[in-house]
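In: what follows is a protein structure lacking sequence information:
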């Protein structure tokens, strides 16, 4: 190991240490990267990169899609759109074993297509679906677990903020990444519904069968209230698929249509709109700080040569793509227990990129695997982000233990989906190939 590679290795270890003691990830990566470049090359080089990289990254046109999709999701969550989605899905699936929980998964999948945010999805349905399930005497674990797990669908089903961040970091087509996540995202929802149905069929006490009669007029009213949001989703995803919009343009169109729909329905107040703007600004700023820090960290890894050294080291330990994928999966699962998804992605991708290239692993396929693993981390103890979102929304109505136990079966279901994604790459690569 050369002197520069040693500096790169020590810098990487220092970043991991700082993250472990709760220093914000973006700041840790940025500060250490500046120090590493200054020591390995020169202070002038460090200052030059410190001034150039943030401007270069924030000026990336693709990054402007993030606030657009976040605003789209927060406006939808602030209005009655989630209630209408859940009501329509409940009327359609209420007859099934665990029908309300399955309705939550379906409506969350649709809402995820309008928000791109797992946290927004989990928060929205914690306030709409869980109280309804509790009123129908559903087991608290099943009710909260289905919402926490269904919320993770926002990470994979397009538009996905994680996919945008991955595409910018890896210089991959965001259109292709969105399309790659669509089938695996829908597959995740189907596997969740199968799990709910089988579990409730085996233990009916978890979810008493719905007995209320629903008139034809109520059915018509439910579907009349819900159709505009799927239409907006179709415009956004369909526009990307046929090449009518770039992801940024699609985000702007989706946000504008969602705001217009909420205004027409008079479900968006000044207070709720201001709150959506505030949450969008906060979320965007936090993501941008991490993106800039990761870009600086990536430059440091390249200039010190430690990324190539790590790639050669991994190549001596593993002989096949599958072995590398399984090792990375284990790494992501462990990190997902302690860190939030964007931080994990931007902390690891600069190091893993040479490894993926060495083994010829398709970066689009790997994106789906990585995002699926990050999804799973959002419901994995002890730091499962969605679990704390659900707990925060419900307060003392449920305990953290009930939510964690409720998500366990969904986590096992995720392993089934992950195995299918790894075993059958065509699930991720078919739609991008058709579009191209």
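Out: Sure thing, it's come through. From a predicted model like this one, the values you see are computed outputs, not experimental measurements.
In: avg pLDDT for stretch 387-406?
Out: Per-residue pLDDT over stretch 387-406 has a mean of 83.
In: what does stretch 347-367 give?
Out: Stretch 347-367 comes out at a mean pLDDT of 88.
In: ok, residues contacting it?
Out: Residues outside stretch 347-367 that contact it (Cβ atoms under 8 Å, 6 or more residues apart in numbering) are 12, 15, 19, 25, 29, 163, 166-167, 169-170, 172, 176-177, 180-181, 294, 297-298, 301-302, 307-308, 310-311, 314-315, 318, 320-321, 324-325, 328, 331-332, 335, 339, 425, 428-429, 432. All C-beta spots, glycine's among them, are computed from the backbone N, C-alpha and C.
In: ok, now how distant is residue 191 from residue 366?
Out: 21 Å (Cβ to Cβ, to the nearest Å).
In: oh sorry, the question was meant for residue 181
Out: 12 Å.
In: more neighbours: which of these two?
Out: With neighbours defined as other Cβ atoms under 10 Å, residue 181 and residue 366 compare such that residue 181 has more, 29 against 24.
In: list the contacts for the more buried one?
Out: If you count contacts by Cβ under 8 Å, 6+ apart, residue 181 has them with 156, 157, 158, 160, 163, 367, 368, 371, 428.
In: please render the residues you listed as TSV that adds neighbour count, secondary structure and distance to residue 96 to the earlier fields.
Out: Formatted as TSV, the contacts of residue 181 follow (neighbours: other Cβ atoms under 10 Å; DSSP: H, G, I helix; E, B strand; the rest coil; distance: Cβ to Cβ, whole Å):
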residue	neighbour count	secondary structure	distance to residue 96
156	30	coil	24
157	31	coil	22
158	27	coil	27
160	30	coil	28
163	29	helix	31
367	25	helix	33
368	27	helix	28
371	27	helix	28
428	26	helix	29
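In: pick the one among those closest to residue 195.
Out: Using Cβ to Cβ, the shortest approach to residue 195 within those belongs to residue 156, at 16.8 Å.
In: can you tell me how far the spatially closest residue to that closest one that is not a sequence neighbour sits from residue 112?
Out: Once flanking residues are discounted, residue 156 sits nearest to residue 185: 3.8 Å by Cβ to Cβ, 6 or more residues apart in numbering. Look at residue 185 and residue 112: by Cβ to Cβ, they are 8 Å apart.
In: spit out the residues that contact these two alike.
Out: With Cβ under 8 Å, 6+ apart, residue 185 and residue 112 have common neighbours 153, 157.
In: helix or strand for the closest residue in space to residue 314 that isn't next to it in sequence, which one?
Out: Distances taken as Cβ to Cβ, 6+ apart put residue 355 closest to residue 314, at 5.0 Å, once the chain neighbours are dropped. Using DSSP states H and E, residue 355 sits within helix 341-359.
In: buried set for that helix?
Out: 341-356, 359 (16 or more other Cβ atoms under 10 Å).
In: hang on, the earlier thing: okay, and the residue nearest to residue 156 sits in which element?
Out: Going by DSSP H and E, residue 185 is in helix 174-202.
In: tell me the average confidence for that helix?
Out: 91.
In: can you point out the buried residues in that helix?
Out: Buried, per 16+ other Cβ under 10 Å, within helix 174-202: 174-185, 187-189, 191-193, 195-197, 199-200.
In: cool, and stretch 390-399?
Out: 390, 391, 393, 394, 398.
In: so which of those residues comes closest to residue 204?
Out: Using Cβ to Cβ, those come closest to residue 204 at residue 398, 21.3 Å.
In: after the host helix or strand of residue 75, which helix or strand is next?
Out: Assigned by DSSP H and E, residue 75 belongs to helix 65-78. Next along the chain after helix 65-78, taking DSSP H and E as the criterion, comes helix 81-93.
In: elements contacting that following helix?
Out: helix 99-115, helix 118-135, helix 216-226, helix 228-241, helix 247-264 (3 or more Cβ pairs under 8 Å, 6 or more residues apart in numbering; DSSP states H and E).
In: now render those helices as TSV, adding mean pLDDT, mean neighbour count and distance to residue 205.
Out: Listed next are the helices and strands packed on helix 81-93 as TSV, based on pLDDT from 0 to 100; neighbours: other Cβ atoms under 10 Å; distance: least, Cβ to Cβ, whole Å:
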stretch	mean pLDDT	mean neighbour count	distance to residue 205
helix 99-115	79	28	14
helix 118-135	79	24	14
helix 216-226	67	14	28
helix 228-241	80	19	34
helix 247-264	86	20	39
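In: so which of those helices is nearest residue 48?
Out: Among those, helix 247-264 sits nearest to residue 48 (Cβ to Cβ), with 28.9 Å.
In: tell me the buried residues in the next helix or strand after the closest one?
Out: Per DSSP H and E, helix 247-264 leads on to helix 270-304 as the next helix or strand towards the C-terminus. Residues of helix 270-304 classed as buried: 272-273, 276, 279-280, 283-284, 286-301, 303-304 (neighbour count, 16+ other Cβ under 10 Å).
In: and helix 270-304 with helix 118-135, angle?
Out: Interaxial angle of helix 270-304 relative to helix 118-135 (axes from the mean of the first three to the mean of the last three Cα atoms, to 10 degrees): 130 degrees.
In: next one: helix 270-304 to chain centre, how far?
Out: For helix 270-304, the distance between its averaged C-alpha position and the chain's averaged C-alpha position is 15 Å (Cα atoms, centre = their mean, to the nearest Å).
In: by contact count, what packs against it?
Out: Packing partners of helix 270-304 (3+ Cβ pairs under 8 Å, 6+ apart): helix 3-20, helix 25-40, helix 43-58, helix 65-78, helix 161-170, helix 341-359.
In: would you mind checking the average pLDDT for the third one?
Out: Looking back up the chat, that one is helix 43-58. Summarised as a single mean, pLDDT over helix 43-58 is 84.
In: pull out the buried positions in that helix.
Out: Quick answer for helix 43-58 (16+ other Cβ under 10 Å): 46, 49, 50, 53, 54, 57.
In: dump the residues you listed into JSON lines; add distance to residue 8 as well.
Out: Below are those laid out as JSON lines (distance: Cβ to Cβ, whole Å):
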{"residue": "46", "distance to residue 8": "14"}
{"residue": "49", "distance to residue 8": "14"}
{"residue": "50", "distance to residue 8": "17"}
{"residue": "53", "distance to residue 8": "17"}
{"residue": "54", "distance to residue 8": "21"}
{"residue": "57", "distance to residue 8": "21"}
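In: just flag the most distant two among the residues you listed.
Out: So, the buried residues of helix 43-58 by Cβ to Cβ: farthest apart are 46 and 57, at 16.6 Å.
In: still on that earlier bit, relative to residue 232, which of the buried residues of stretch 390-399 is nearest.
Out: Looking across the buried residues of stretch 390-399 and measuring by Cβ to Cβ, the closest to residue 232 is residue 393, at 24.4 Å.
In: who's in contact with the closest one?
Out: Per Cβ under 8 Å, 6+ apart, neighbours of residue 393: 122, 123, 126, 127, 130.
In: thank you, goodbye.
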